[in-house]
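Chemist: What would the 3D arrangement of this be:
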Amino acid sequence: MDTLCVPILVVDDEASIRDLVREALENDGHRVLEVADGRTALELALREPVALVVSDISMPGLSGLELLIGLRRAACRVPVILMTAYTGQHTEAKALRYGAYGFLAKPFDISSVVDMVRRALGSPCVP
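Modeler: Numbers count the residues shown, from 1 in each chain. As a prediction, the model looks like this:
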């Protein structure tokens, strides 16, 4: 999938995290859409093609885990990377059962986000 045409969706209720991830991914040559909540992300991902979803787990309203479950129930197989400051085996196990690509623990080194996105998409994206 050509990520220069199909955007990556970044979902986090913290604007500073969205900005950080968006900037790093844009610098890596990707188009990025960003939203502040899971419900908007789910509606957007089911309406428009996205190459990948990078989402916080803990958000008001629809959580990142619920976003992942909603995507899978709608037969949307887009890769999903979940970010969280609150790691737990139960949450990670449930997310893996629903097909999460991977997890990033906050705080993270932004290069680890870019590396995981590259792996999830199958190859590096060169601007």
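Chemist: Would you mind giving the secondary structure of the residue positioned nearest the centre of the chain?
Modeler: In the chain, the centroid-proximal residue (Cα atoms, centre = their mean) is Val54; its distance is 1.0 Å. Counting by DSSP: H, G, I helix; E, B strand; the rest coil, the backbone at Val54 sits in strand.
Chemist: Begin at 53 from now on, thanks
Modeler: With the count now opening at 53, the last piece we talked about shows up as Val106.
Chemist: Quick one: list the elements packing against the helix or strand encompassing Lys146.
Modeler: For Lys146, the enclosing helix or strand under DSSP states H and E is helix 141-149. Using 3 or more Cβ pairs under 8 Å, 6 or more residues apart in numbering; DSSP states H and E, the elements in contact with helix 141-149 are helix 116-125. Yep, even glycine has a C-beta here, placed from its N, CA and C like the rest.
Chemist: Which strands or helices does the helix it packs on pack on?
Modeler: Checked by 3+ Cβ pairs under 8 Å, 6+ apart, helix 116-125 has helix 90-99, strand 104-108, strand 132-136, helix 141-149 packed alongside it.
Chemist: For those, which has the smallest mean pLDDT value?
Modeler: Ranked by mean pLDDT, the helices and strands packed on helix 116-125 bottom out at helix 141-149, with a mean of 80.
Chemist: ok, and what's touching that one?
Modeler: 109, 117, 120, 134, 136, 155 (Cβ atoms under 8 Å, 6 or more residues apart in numbering).
Chemist: State the next helix or strand along the chain beyond it.
Modeler: strand 154-157.
Chemist: Can you name the next helix or strand after that next one?
Modeler: helix 162-173.
Chemist: mind listing what's buried in stretch 150-168?
Modeler: Neighbour-count burial for stretch 150-168 flags 152-156, 160, 165-166, 168 (criterion: 16 or more other Cβ atoms under 10 Å).
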